[in-house]
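Trainee: sequence first, then the predicted structure, then my questions.
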Amino acid sequence: MTQPKFEQNLTDRKLGHEWYGWDGDIDAHEGFIREPKRLVLLLAAGEIFVFFLFVAGALWAVAPRLDSLHPGIVPACAVLLGLAFALALIALICLALAVVTGHPLALAEKITHQLFVRFVWLERFAKLFGVSKDRVGYSLVEIHNALSSHRRRIESNGRILCLAPRCIERSNIDEIRATVSAYDCDFYVAPNGALARQKIVQLKPAAIIGIACERDLVTGIRDVGYQLPVIGIANKRPLGPCKGAFIDIEELRSAIITFRRQLGLDSPAAQPSPIPVGEVSAQ
């Protein structure tokens, strides 16, 4: 089935909607997450192993019945199951090699996109081992960012668009605005997911830098569907979700420089100038 373009996916969705079930426990909240890329790779490998183990067990359970129908059915199913298991592992190894070596592979991007599409299964599997949804999301976004950074060239006449949620604290918004302005990028504070997508359709950017929590980065990158280059920056949330969040400006600067290099642009010699205290963003 052909995946719909992001222009067709303008469902009204508030940024931060996945936090509606949060219990308000600041002490238990994971506001500062750092997870390696290998977390998702290990979880995906474990999920593949468990799935094929379950299928193999089911095949063994019904083997006598299948043998009564035809003696060749069980061996044929076993061979097909083994081939499918091997292909799944090879695909995961290709993704790991692309991340480690820095060689852009279309196959690796497709595999990563499937991990985004099936994130709910990764999340449920990780929960069995006490790994939170946000930690898995951070690791997956890091893999996606690594693949985006490995691209040699972006063929587009568009500009770089930085999207941020309204939960970012005001002083950090001013820093973000100053940084994107210094590098001649577009900036938009998106109150909800639908307006963020509409801004993408309106501006037709060459690349997007998305600032959000891990949950919204996962859904946002999944919805864009790899039709545009995206680098996601996970915010820090010391006060809990959707309040007083901030990002490391150096992460933003690094993402901008990465996309400028891929677009064939020269980074400006001047560093971003500070914004006077009290200046308010127009958006």
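Mentor: Noted; the coordinates are in hand.

Trainee: in space, what's closest to residue 160 - neighbours in sequence excluded?
Mentor: Distances taken as Cβ to Cβ, 6 or more residues apart in numbering put residue 185 closest to residue 160, at 4.2 Å, once the chain neighbours are dropped. No exception for glycine: its C-beta is placed from N, CA and C like everyone else's.

Trainee: quick one: pLDDT of residue 64?
Mentor: pLDDT for residue 64: 91.

Trainee: what's the helix or strand for it?
Mentor: For residue 64, the host element (DSSP states H and E) is helix 38-69.

Trainee: give me the buried positions along that helix.
Mentor: Using 16 or more other Cβ atoms under 10 Å as the test for burial, helix 38-69 gives 39-45, 47-48, 52, 59, 66.

Trainee: buried stuff in the following helix or strand past that helix?
Mentor: Using DSSP H and E, the helix or strand that follows helix 38-69 towards the C-terminus is helix 73-101. Judged by neighbour count (16+ other Cβ under 10 Å), helix 73-101 contains these buried residues: 73-74, 77, 85, 88, 91-92, 95-96, 98-99.

Trainee: just checking, what packs against helix 73-101?
Mentor: helix 38-69, helix 106-117, helix 133-149 (3 or more Cβ pairs under 8 Å, 6 or more residues apart in numbering; DSSP states H and E).

Trainee: the shortest one to helix 73-101, inter-axis angle?
Mentor: With axes from the mean of the first three to the mean of the last three Cα atoms, to 10 degrees defining the directions, helix 106-117 sits at 100 degrees from helix 73-101.

Trainee: let me know the next secondary structure element after helix 106-117.
Mentor: helix 119-127.

Trainee: residue 63 and residue 78, how far apart?
Mentor: Distance check for residue 63 against residue 78: by Cβ to Cβ, to the nearest Å, it reads 9 Å.

Trainee: residues near residue 117, how many?
Mentor: When counting by other Cβ atoms under 10 Å, one arrives at 12 neighbours for residue 117.

Trainee: average pLDDT for stretch 241-255?
Mentor: 92.

Trainee: with only the CA atoms kept, save it in PDB.
Mentor: Provided in PDB are the C-alpha atoms of stretch 241-255 (Å, rounded to 0.1, in the frame of the first residue of the first chain):
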ATOM      1  CA  PRO A 241       6.000  17.400  30.100                       C
ATOM      2  CA  CYS A 242       4.700  20.400  28.200                       C
ATOM      3  CA  LYS A 243       6.100  23.000  30.700                       C
ATOM      4  CA  GLY A 244       9.400  24.800  31.000                       C
ATOM      5  CA  ALA A 245      11.200  22.600  28.500                       C
ATOM      6  CA  PHE A 246      14.500  23.600  26.900                       C
ATOM      7  CA  ILE A 247      17.200  22.300  24.500                       C
ATOM      8  CA  ASP A 248      20.900  22.500  24.200                       C
ATOM      9  CA  ILE A 249      21.600  25.200  21.600                       C
ATOM     10  CA  GLU A 250      24.800  23.400  20.500                       C
ATOM     11  CA  GLU A 251      22.600  20.500  19.400                       C
ATOM     12  CA  LEU A 252      20.600  22.900  17.300                       C
ATOM     13  CA  ARG A 253      23.700  24.500  15.800                       C
ATOM     14  CA  SER A 254      25.100  21.100  14.900                       C
ATOM     15  CA  ALA A 255      21.900  20.100  13.200                       C
END
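
Trainee: got the buried residues for that stretch?
Mentor: Taking 16+ other Cβ under 10 Å as the criterion, stretch 241-255 shows 241-242, 244-247, 252-253, 255 as buried.

Trainee: name the element residue 180 belongs to?
Mentor: Counting by DSSP H and E, residue 180 is found in helix 170-182.

Trainee: what is that helix packed up against?
Mentor: The contact analysis (3+ Cβ pairs under 8 Å, 6+ apart) places helix 170-182 against strand 160-165, strand 186-190, helix 249-262.

Trainee: the inter-axis angle of the helix holding residue 64 versus helix 106-117?
Mentor: Using the same axes, to 10 degrees: helix 38-69 against helix 106-117 is 90 degrees.

Trainee: do you know the pLDDT at the most centrally placed residue in the chain?
Mentor: Centroid check for the chain by Cα atoms, centre = their mean gives residue 141 as the closest residue, at 3.5 Å. Looking at residue 141, its pLDDT stands at 96.

Trainee: so it touches residue 234, yeah?
Mentor: Yes. The pair residue 141 / residue 234 is scored as a contact, 6.4 Å apart, by Cβ atoms under 8 Å.
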